[in-house]
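**Q** Model the structure of this input:
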Amino acid sequence: MGLPGLVDVHTHFMPRRVLDKVWHHFDSAGPLTGVEWPIAYRHEEEERVALLRGFGVRAFTALLYPHKPAMAAWLNSWSAGFAARTPDCLHTATFFPEDGVADYVRRAVDGGARIFKAHLQVGAYDPNDGRLDPVWGLLAEAGIPVVVHCGSGPVPGPHTGPGPVARLLARHPRLPLVVAHLGMPEYGAFLGLADRYPEVRLDTTMVFTDFAERLGGFPPEELGRLAALGDRILLGTDFPNIPHPYDHQLDALERLGLGDDWLRAVCHDNAARLFALDA
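**A** A predicted model of the protein is given here:
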């Protein structure tokens, strides 16, 4: 397609003992989702990085996230080291609503963080928690994207769904928020937020794959809006925590029939522009 490669904004790298716990969660996910979730790329870190490069991914992320207090700053320290030894990884950081959160987020920004991850489902917190107000303000002012798992899929949490995010954006309308998984399963509501707020983007992670279609597919009546927002849709895959080969996500996007220009934008150009990869 004439692209220099792919930009995948939704990949996971984290300390091994944390990743092992994440993999254990997916190994046990069948009772929650009704579908077994085998990890396709259960490899050592260096091999996972090499695989992404071999797939033609020129830039990716190390999305990591805490599930409790006193964890995020340590994750950010690990991630800074990973980014330093992995130059094609966009330096990633995270946060949790706790005392001192604004200070360690500021340190991460000053240290070169280019993207943040917030997981409202796993963390079970409200993005409108007052302790996070200075964090959202800082990231909005700095123009640093935040990938937020805010949809209620694959299982809902106490603060998932479009409501909490809508309230957040009403207070921080310039926040460059990336809705993970296209907001699965509340696709229409999150596309509506992107219609309203020009800094809202959505990533494709797992959506349209055979696995996700079994859990409840993307509504066909929203394809027109997905096409119209083609400059704000970003490729995401959830590598390595996926139950299918990496290229199945690309096949799933191609079979939508939205055209080569849309695919080029989604698979590379939109994220390359967002992160100034060609500057």
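
**Q** where exactly do the strands run in the stretch 101-250 of the chain?
**A** Using DSSP state E, counting those that start in this stretch, the strands found in the stretch 101-250 of the chain span residues 115-119, 146-149, 177-179, 201-203, 233-234.

**Q** Run through who's touching the second one.
**A** For strand 146-149, the external contacting residues (CB atoms under 8 Å, 6 or more residues apart in numbering) are 9-10, 61, 63, 65, 115-122, 127, 139, 160, 165, 175-181, 203, 236. Placement of C-beta: from N, CA and C, glycine included.

**Q** Recalculate using a threshold of 6 Å.
**A** Phe116, Lys117, Ala118, His119, Gln121, Leu139, Leu177, Val178, Ala180 (CB atoms under 6 Å, 6 or more residues apart in numbering).

**Q** now the residues you listed as JSON lines including distance to Phe190?
**A** Output for the contacts of strand 146-149, formatted as JSON lines (distance: CB to CB, whole Å):
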{"residue": "Phe116", "distance to Phe190": "18"}
{"residue": "Lys117", "distance to Phe190": "17"}
{"residue": "Ala118", "distance to Phe190": "15"}
{"residue": "His119", "distance to Phe190": "16"}
{"residue": "Gln121", "distance to Phe190": "14"}
{"residue": "Leu139", "distance to Phe190": "19"}
{"residue": "Leu177", "distance to Phe190": "10"}
{"residue": "Val178", "distance to Phe190": "11"}
{"residue": "Ala180", "distance to Phe190": "10"}
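
**Q** of the residues you listed, the lowest pLDDT goes to which?
**A** Within the contacts of strand 146-149, the minimum per-residue pLDDT falls on Gln121 (95).

**Q** Neighbours of it, how many?
**A** 21 (other CB atoms under 10 Å).

**Q** what about Leu256, how many neighbours?
**A** Leu256: 18 neighbours (other CB under 10 Å).

**Q** And for Ser28?
**A** For Ser28, the count of nearby residues is 10 (other CB under 10 Å).

**Q** Quick one: the helices in this protein, in order.
**A** 16-27, 30-33, 45-54, 72-85, 101-110, 120-123, 133-142, 162-171, 187-196, 210-215, 223-228, 247-254, 260-264, 270-274 (DSSP state H).
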